[in-house]
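**Student:** model the following, please.
(chains A and B)
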Amino acid sequence: MKVIIFDSSTIINFTMNGLLDVFRELRRNFQGKFIIPRSVKYETIDRPLNIKQFELGALSIQRLLEEKVIELPEAVQVKDEEIIIRTRELLKRANKVFLARNEFMHIIDEGEASCLALSQILSERGIRNVIAVDERTTRMLGEVPENLRKLFEKKFHTEVKMFKQEMPGLENIKFIRSSELVYVAWKKGLVKMKSSKVLDALLYATKFKGSSISHEEIEEIKHL
Amino acid sequence: MQERDNILRILRETKTAIEKEDVISLKELSNQTLHTASIYRDTDNIGIAVIVYALSKLIERKNYRMYKNWPKFFKRFNLCLDRAIIALEKNQDKYFVSQLKCVRKEIGSLTGNLKKHIQEVFRKAEINKASRVYEHGISMQQTAKLLGISIWDLAEYAGQTGISDVNLSITLPVKNRVKIAMEIFEK
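**Tutor:** Next comes the predicted model:
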């Protein structure tokens, strides 16, 4: 069993770019499951269903859930209660990693933390998984928290202390973005459009809808 | 409420900038509460950032002044700001917060196109300020929650900025990340 855990930012990116057909193709070519925690369902379906501007997007994602293209954690035998408890622990710790002006900084919220929680639970059960997250803070916290500290210092113009002992064991979590997912789709021939510009267009489309990928990274991917 | 003196200074300078119709100063002032807002999750500081930025837009686009109800609205808007300043000077926190809400109530009392336009200016101001908070390193969901907007709004706006081009954001060589993605899809 393999799992890709989706954060709201990545699913929203595919939806806003009109790439849900590519998303479905990716799922068909994946020998595992695409999972969203319940708090991600709330941000991508339940809440936007009541916002006219995003209602259609929410309905499109709801359809993905009905088709079982994306599924809830119970599909991999993880109970909501387990995720809730682990999410609370993670939030408590992750939001005590950075101290600025004598205040611990609340840097992530429930949706992002629940993806991290689910990844930890699955790894403990020996289930291989990655998190697809476009927003950068969660990824930076997991991969190079020191960069996040430096970013805070640069932006807040104040000393920021990092308490590594509070780091909630995120170092083994693997992260990808919608940009890498569209690359996989393109590489595997899952994108129906045929043009020499397709990969460039896909990568920049993900960037402009919130994937935290730089121009330089995009140019590097194009030359892989 | 965090950094009362700083807020008071910003509101006083905002009043001066309004009188001079100094849009650039207003935009700069609107960012000055964001550090405090981001660190302390202080909604009062965020509220001020949004109001001052929206004001800059309302003053910048002179076409709003064509509306019949504009003079009355703008006068009341200014009155709310004056009262907020007095409340801060007298350490009356609750009254200060009520005057921040008063601005929104004035918008709610408008009718027709002016109401729609001003509501949209405020919505865009919220998204703009959210993008600045996200730029400071706070996560997308946490930022959206602070500003009371949707992640959908923020994702689109943040994508148009240079946030993702900051070198510190690159935490793994891109070819390694592509490898992770390709490997998870291997059969």
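**Student:** the helix or strand of chain A with the lowest mean pLDDT and chain B, any residue contact?
**Tutor:** Every helix and strand in chain A was compared by mean pLDDT, DSSP states H and E; the lowest is strand A:103-104, with a mean of 91. Yes: Strand A:103-104 is in contact with chain B by CB under 8 Å from any CB of the partner chain, via residue A:103. Heads up, the C-betas are built off the backbone N, CA and C, glycines and all.
**Student:** adjacent strands (with direction) for that strand?
**Tutor:** Applying DSSP bridges, strand A:103-104 is found paired with strand A:98-100 (antiparallel).
**Student:** give me the helices and strands touching the worst-scoring helix or strand of chain B on mean pLDDT, please.
**Tutor:** When the helices and strands of chain B are scored by mean pLDDT, DSSP H and E, helix B:34-40 comes last with a mean of 83. Packing partners of helix B:34-40 (3 or more CB pairs under 8 Å, 6 or more residues apart in numbering or on different chains; DSSP states H and E): helix A:145-156, helix B:43-60, helix B:112-135.
**Student:** in the first one, which residues are buried?
**Tutor:** The neighbour-count check on helix A:145-156 (16 or more other CB atoms under 10 Å in any protein chain shown) flags A:145, A:147-153, A:155-156 as buried.
**Student:** closest to residue B:21 out of those residues?
**Tutor:** residue A:155 (29.9 Å; CB to CB).
**Student:** show the pLDDT at that closest one.
**Tutor:** The model reports residue A:155 with a pLDDT of 89.
**Student:** what residue is smack in the middle of chain B?
**Tutor:** residue B:50 (2.7 Å; CA atoms, centre = their mean).
**Student:** re the thing from before, ok now the least confident helix or strand of chain A, how far from the chain's centre?
**Tutor:** Centroid displacement of strand A:103-104 relative to its chain, using CA atoms, centre = their mean, to the nearest Å, is 25 Å.
**Student:** need phi/psi at residue A:198.
**Tutor:** phi -60, psi -50 (degrees, to the nearest 10).
**Student:** which stretches in chain B count as helices?
**Tutor:** Along chain B, the stretches classed as helices by DSSP state H are B:4-20, B:23-31, B:34-40, B:43-60, B:70-89, B:93-108, B:112-135, B:140-147, B:151-159, B:174-184.
**Student:** what of chain A?
**Tutor:** Under DSSP H, chain A gives helices at A:8-16, A:20-28, A:38-41, A:55-66, A:80-94, A:110-124, A:136-143, A:145-156, A:178-187, A:198-208, A:215-222.
**Student:** in JSON lines: those, plus distance to chain B.
**Tutor:** What follows is these, written out as JSON lines (distance: least, CB to the nearest CB, whole Å):
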{"stretch": "helix A:8-16", "distance to chain B": "5"}
{"stretch": "helix A:20-28", "distance to chain B": "8"}
{"stretch": "helix A:38-41", "distance to chain B": "8"}
{"stretch": "helix A:55-66", "distance to chain B": "7"}
{"stretch": "helix A:80-94", "distance to chain B": "10"}
{"stretch": "helix A:110-124", "distance to chain B": "5"}
{"stretch": "helix A:136-143", "distance to chain B": "4"}
{"stretch": "helix A:145-156", "distance to chain B": "4"}
{"stretch": "helix A:178-187", "distance to chain B": "4"}
{"stretch": "helix A:198-208", "distance to chain B": "4"}
{"stretch": "helix A:215-222", "distance to chain B": "4"}
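**Student:** returning to what we had before: list of residues touching the least confident helix or strand of chain A?
**Tutor:** A:95-98, B:39-40 (CB atoms under 8 Å, 6 or more residues apart in numbering or on different chains).
**Student:** contacting residues for residue A:123?
**Tutor:** A:129, A:172-173.
**Student:** report the buried members of the residues you listed.
**Tutor:** A:129, A:173.
**Student:** so which of the contacts of residue A:123 sits lowest on pLDDT?
**Tutor:** residue A:172 (91).
**Student:** show me what contacts that residue?
**Tutor:** Here residue A:172 is in contact with residue A:123 (CB under 8 Å, 6+ apart).
**Student:** residue A:134 versus that one, what's the distance?
**Tutor:** 21 Å (CB to CB, to the nearest Å).
**Student:** likewise residue B:109?
**Tutor:** Taken as CB to CB, the span from residue B:109 to residue A:134 is 39 Å.
**Student:** neighbour-wise, which of these two wins?
**Tutor:** Between residue B:109 and residue A:134, residue A:134 has the larger neighbour count (other CB atoms under 10 Å in any protein chain shown), namely 33 against 12.
**Student:** got phi/psi on the more buried one?
**Tutor:** phi -90, psi -30.
**Student:** skipping adjacent residues, who's closest to it in space?
**Tutor:** residue A:9 (3.8 Å; CB to CB, 6 or more residues apart in numbering or on different chains).
**Student:** hang on, isn't the one you found packed against residue A:133?
**Tutor:** Yes: if you go by CB atoms under 8 Å, residue A:9 and residue A:133 touch, sitting 6.0 Å apart.
**Student:** and the two? Which one has more around it.
**Tutor:** residue A:9 (33 against 29).
**Student:** residues contacting that one?
**Tutor:** Residue A:9 neighbours (CB under 8 Å, 6+ apart): A:133-135, A:210-211, B:140, B:151, B:155.
**Student:** ok, of the contacts of strand A:103-104, which come out buried?
**Tutor:** Here, 16+ other CB under 10 Å leaves A:95-98, B:39-40 buried among the contacts of strand A:103-104.
**Student:** format these as a markdown table; extra columns: distance to residue A:81.
**Tutor:** Output for the buried ones among the contacts of strand A:103-104, formatted as a markdown table (distance: CB to CB, whole Å):
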| residue | distance to residue A:81 |
| --- | --- |
| A:95 | 21 |
| A:96 | 24 |
| A:97 | 25 |
| A:98 | 29 |
| B:39 | 33 |
| B:40 | 32 |
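**Student:** low-confidence ranges, the chain, go.
**Tutor:** Chain wasn't specified; assuming chain A. Applying pLDDT under 70 to chain A flags residues A:168.
**Student:** looking at chain B here, not the other one
**Tutor:** B:1-2.
**Student:** nice, that's everything, thank you.
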